[in-house]
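Trainee: Following is a predicted model, sequence given first.
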Amino acid sequence: MKSNEAFSKKPLSYKGSIPVFSSSNEYTDNYEKISEDHLESLRRNGTNPFISEETWVQLENSTMELINKYSKPGDSVLDVGVGLGRLLSHFPLLHRYGMDISMGYLEIAHAKEINVCYALVEDMPYKRDLFDIVICTDVLEHVADLNLCCSKILSVLKQDGVLIVRVPFREDLNQYFMSTCPYKYVHLRNFDEASLRLLFERVFKCEFLDLVFAGYAVRPNRLKYPIRLPMRDIIFSLFFSMIKGMCQPVYEFMLKKLYYPIEINLVLRKKTEEN
């Protein structure tokens, strides 16, 4: 399938060879600023200013394992919020498509031979029932209209196709109200296992397939228990650094016992219409 044959409508314009299906607005301008800050940090320091490389790799590996589990060579896959194309770059035997609202991200993903387009989820440009697998990582917490976006995402998934969603788990949203937050729109909602499953299984009638927690780190706001201790955060940081150097399995075990995971993966099947 040629990339332009996947679309249900004509693009508004092209930026180089990348088709554009959404007009810019306050929301997309805000996201462009976030992505520009990310890319500038990568150019200057080789780092992501929003998350450590170690944690990012943990999160990506958890999703890649699920893609490996539920895909086969030749499947068509759409990454909603493709970003830099890091996930799909590991799957050259899949027919890879990606959409995002950062042109800087899309140019990098396009260079990795991913068929990309610029589009808001609300302006979903692909044909219905097109993809065997749809991946959506770190997107649903950002969107303004959650139900509309979920409906659009599921519309392009084949009947009995697989949806892999990853979102932050039990995140504290207060940080995005603070005067130190430089962006108007960052994360607009948080999720836990129950809210995510209720959304897709009850509202959108999907079949539950799998659930994987991902990303553990020594962060004060991720503690499961209200531990009151003078200089707690410093003590915990030093303690876990020592344990990590001595015995990685013990370090990982204790992290999972004391801290909530950073994100959650949910895998679902789009039920056939007769179901």
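Mentor: Looks like it arrived, so ask away.
Trainee: which residues touch the residue nearest to residue 118 when sequence neighbours are not counted?
Mentor: Take residue 118 and drop its neighbours on the chain: the residue closest to it by C-beta to C-beta, 6 or more residues apart in numbering is residue 20, 4.4 Å away. All C-beta spots, glycine's among them, are computed from the backbone N, C-alpha and C. Residue 20 makes contact with 11, 12, 13, 14, 117, 118, 119, according to C-beta atoms under 8 Å, 6 or more residues apart in numbering.
Trainee: quick check, the first one in a helix?
Mentor: No - Residue 11: not assigned to a helix; according to DSSP: H, G, I helix; E, B strand; the rest coil it is coil.
Trainee: hang on, the earlier thing: reformat the contacts of residue 20 as JSON lines; add distance to residue 141.
Mentor: Shown next, in JSON lines, are those (distance: C-beta to C-beta, whole Å):
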{"residue": "11", "distance to residue 141": "27"}
{"residue": "12", "distance to residue 141": "27"}
{"residue": "13", "distance to residue 141": "29"}
{"residue": "14", "distance to residue 141": "30"}
{"residue": "117", "distance to residue 141": "22"}
{"residue": "118", "distance to residue 141": "21"}
{"residue": "119", "distance to residue 141": "19"}
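Trainee: Filter those residues down to the buried ones.
Mentor: Neighbour counting by 16 or more other C-beta atoms under 10 Å classes 11, 117, 118, 119 among those as buried.
Trainee: what's the closest of the residues you listed to residue 54?
Mentor: Nearest to residue 54 among the buried ones among the contacts of residue 20: residue 118, at 30.6 Å, using C-beta to C-beta.
Trainee: Can you read off the pLDDT for the closest one?
Mentor: Per-residue confidence at residue 118 stands at 99 (pLDDT).
Trainee: right, and it touches residue 18 too?
Mentor: Yes - using C-beta atoms under 8 Å, residue 118 is in contact with residue 18, at 6.0 Å.
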